[in-house]
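1. Could you work out the structure for the sequence below:
(one chain, ligands or ions: 1)
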Amino acid sequence: MKITLLTGKTFDISEAFDFDIKIVQSSVSRKLTLRIDAKEHIPVLSIPKYCSQKRAVAFVNENMDWIVNSLGRLPQIKQFADGDSFLLFGQKVTIRHNADARRGVWLEDNILNVSGNQEFLHRRVRDYIKKRAADEFYKISADYAKRLGQKLSGVSIKDTKSRWGSCSVLHHINYSWRIALAPDYVIDYLMAHEVSHLKHPDHSPRFWACVADLYPDWKQGHDWLKKHGKSLYSYA
Ligand SMILES: [Zn+2]
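-> Take a look at the predicted model:
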């Protein structure tokens, strides 16, 4: 986010990060401090009266592990709600609750319309994402498998918290539905990773060469997942 400082200047570090961060300015403290707003599920950066954006970005980067770990430890309290905006299969969408419609959940341009009772909205959105993930992830994985000359027997969507994907000896791949909320290059990387395991059941140099062959931009997705993966758990 950006704020207008006491000095009248605008302060914006949102460009530097892939996640939301709230900034507040302290008129008394001379130090930069970070805390977690558990309710909003976002880090809050408090900056002193005089602070450059460069210094703030560096400070957040230095504390990235702490931020990711702290967010990961929070109970998953956040539910999908009317007005929420988030990435879905690489597209920024906004939820619109449309109580009287009788169409379930449907996407129109960037609006994710959800009908029915408010209390069921979260589950409806989650079920919609899981269902679409089964199709989208199968398509991407099947395409990669074909390029490798490997058989893919199927794709399942899971709610696992310990891993983003896994691959069985029977050539069946499981994905966490939450990966649908990651940037598209992360999705492409993860699928290339799991499909490469059909050929190489290890993390050998040959395995990584295979990943790079399927998806040359793999490093960006790999690093994002390592750095921000836990942020995908903000939704219950
Ligand atoms: Zn692996």
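2. Can you tell me which residue is spatially central in this structure?
-> The residue lying closest to the centre of the chain (Cα atoms, centre = their mean) is A182, at 3.3 Å.
3. Nearest spatial neighbour of it, chain-adjacent residues omitted?
-> Counting by Cβ to Cβ, 6 or more residues apart in numbering, the nearest residue to A182 once its immediate chain neighbours are dropped is L232, at 6.1 Å. (Each C-beta comes from the backbone N, C-alpha and C, glycine too.)
4. which residues does the one you found contact?
-> By Cβ atoms under 8 Å, 6 or more residues apart in numbering, the contact list for L232 reads 178-179, 181-182.
5. In TSV: those residues, plus secondary structure and pLDDT.
-> TSV is the format used below for these (DSSP: H, G, I helix; E, B strand; the rest coil; pLDDT from 0 to 100):
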residue	secondary structure	pLDDT
R178	helix	93
I179	helix	96
L181	helix	95
A182	coil	95
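6. Tell me how far the nearest residue to S115 once chain neighbours are set aside lies from E108.
-> Nearest non-adjacent residue to S115, counting by Cβ to Cβ, 6+ apart: A101, 3.9 Å away. Per Cβ to Cβ, to the nearest Å, A101 is found 11 Å from E108.
7. who's more crowded, the two?
-> Higher neighbour count among A101 and E108: A101, with 14 against 9, using other Cβ atoms under 10 Å.
8. what residue ranges in this protein score low on pLDDT?
-> 1, 18, 39, 76-77, 161-162 (pLDDT under 70).
9. G229 contacts G165, doesn't it?
-> No. Assessed by Cβ atoms under 8 Å, G229 is found out of contact with G165, at 11.7 Å.
10. how close does the residue of the chain positioned farthest from its centre sit to L6?
-> For the chain, the residue at maximal distance from the C-alpha centroid (Cα atoms, centre = their mean) is V28, at 35.4 Å. According to Cβ to Cβ, V28 stands 11 Å off from L6.
11. and the residue nearest to S115, helix, strand or coil?
-> coil (DSSP: H, G, I helix; E, B strand; the rest coil).
12. Tell me which stretches of this structure form helices.
-> Assigned by DSSP state H, the chain shows helices spanning 53-62, 64-73, 121-148, 184-199, 205-214, 218-228.
13. list the buried ones in the third one?
-> It refers to helix 121-148. Buried residues in helix 121-148, counted by 16 or more other Cβ atoms under 10 Å: 121-122, 124-126, 128-130, 132-134, 136-138, 140-141, 144-145, 148.
14. for it, packing partners?
-> Helices and strands touching helix 121-148, as assessed by 3 or more Cβ pairs under 8 Å, 6 or more residues apart in numbering; DSSP states H and E, comprise strand 91-97, strand 105-108, strand 111-114, strand 154-158, strand 172-176, helix 184-199, helix 205-214.
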